[in-house]
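> Sequence and predicted structure, then a few things I'm wondering about:
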Amino acid sequence: MHHAAYVFDAYGTLFDVHAAVRRHAGEIGPDGQLLSDIWRAKQLEYSWVRTLMGSYADFWQLTEQALDFALRKVPSVDRGLRTRLLEAYWRLDCYPEVPAVLKALKASGAKLAILSNGSPEMLQAAVKSAALDQILDDVFSVDQVKRFKTDPSVYDMVVTGWRLYPGAVSFQSSNRWDIAGAAKFGFRTVWINRANQPDEYRDFPPGLILPSLEGLLAGA
């Protein structure tokens, strides 16, 4: 089904959050995936805890803090790689299908945006590195409301900014918790289940489950 607007989560949906560690895999050694998993888990945990406490710090600060924890948790990895890992996070690889899918949706007349926990600077760098800056109509960062997903004020930025009803927005995320928050807000939701994870948050189900973004074109 075609929608007036398609809004995408950034990290894990458009951009591969494990690309930074993978880029230095040879130097990191066999514990690279463990390091990356902890880094990502803590990055998200810190965002949730900050919002619950009402104490905001931008996503880049949380990304740095999460990496510091991961490096302490995985002592086999050289801490001297910290700077290079953080630099790599500014230019994460996008998933292979992303440019073609976004271009096709844009050509169909839909509006396209990112809605992300990322700071404006992080998102600008990632979008430019992936050459998506000429395709997207907008990039919404939680920095505007100083709260992280799944706070309703985050999703409200889109409908307020674009003057749309929530039901006119198709929201895509690889994060099931993000889909739950968006579904509760009223968006039409598509869970991009790249890792083939089991379902959860059954009381806030996704409207559609896809293994990648390519399935969106069937409705465009």
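Received it, and whenever you're ready, just let me know what you need.

> got any ranges where the chain has weak pLDDT?
1, 219-220 (pLDDT under 70).

> Which stretches in it count as strands?
Listed in chain order, the strands of the chain (DSSP state E) span 5-8, 111-116, 138-141, 169-173, 188-192, 208-210.

> So for residue 60, which of those strands sits nearest?
Among those, the nearest to residue 60 by C-beta to C-beta is strand 138-141 (10.9 Å). (C-beta placed from N, C-alpha, C; glycine too.)

> Can you give the contact residues for the closest one?
Strand 138-141 has contacts (C-beta atoms under 8 Å, 6 or more residues apart in numbering) with 7, 111-120, 123-124, 127, 157-158, 161-162.

> For the residue sitting furthest away from the middle of the chain, give me the backbone phi and psi.
In the chain, the residue that sits farthest from the middle, by C-alpha atoms, centre = their mean, is residue 76; the gap is 28.2 Å. Dihedral pair for residue 76: phi -70, psi -20, per degrees, to the nearest 10.

> Tell me which residues touch it, please.
Residue 76 touches 29, 30, 31, counting by C-beta under 8 Å, 6+ apart.

> could those residues be laid out in TSV, adding neighbour count and distance to residue 203?
Converted to TSV, those look like this (neighbours: other C-beta atoms under 10 Å; distance: C-beta to C-beta, whole Å):
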residue	neighbour count	distance to residue 203
29	13	42
30	9	40
31	15	37
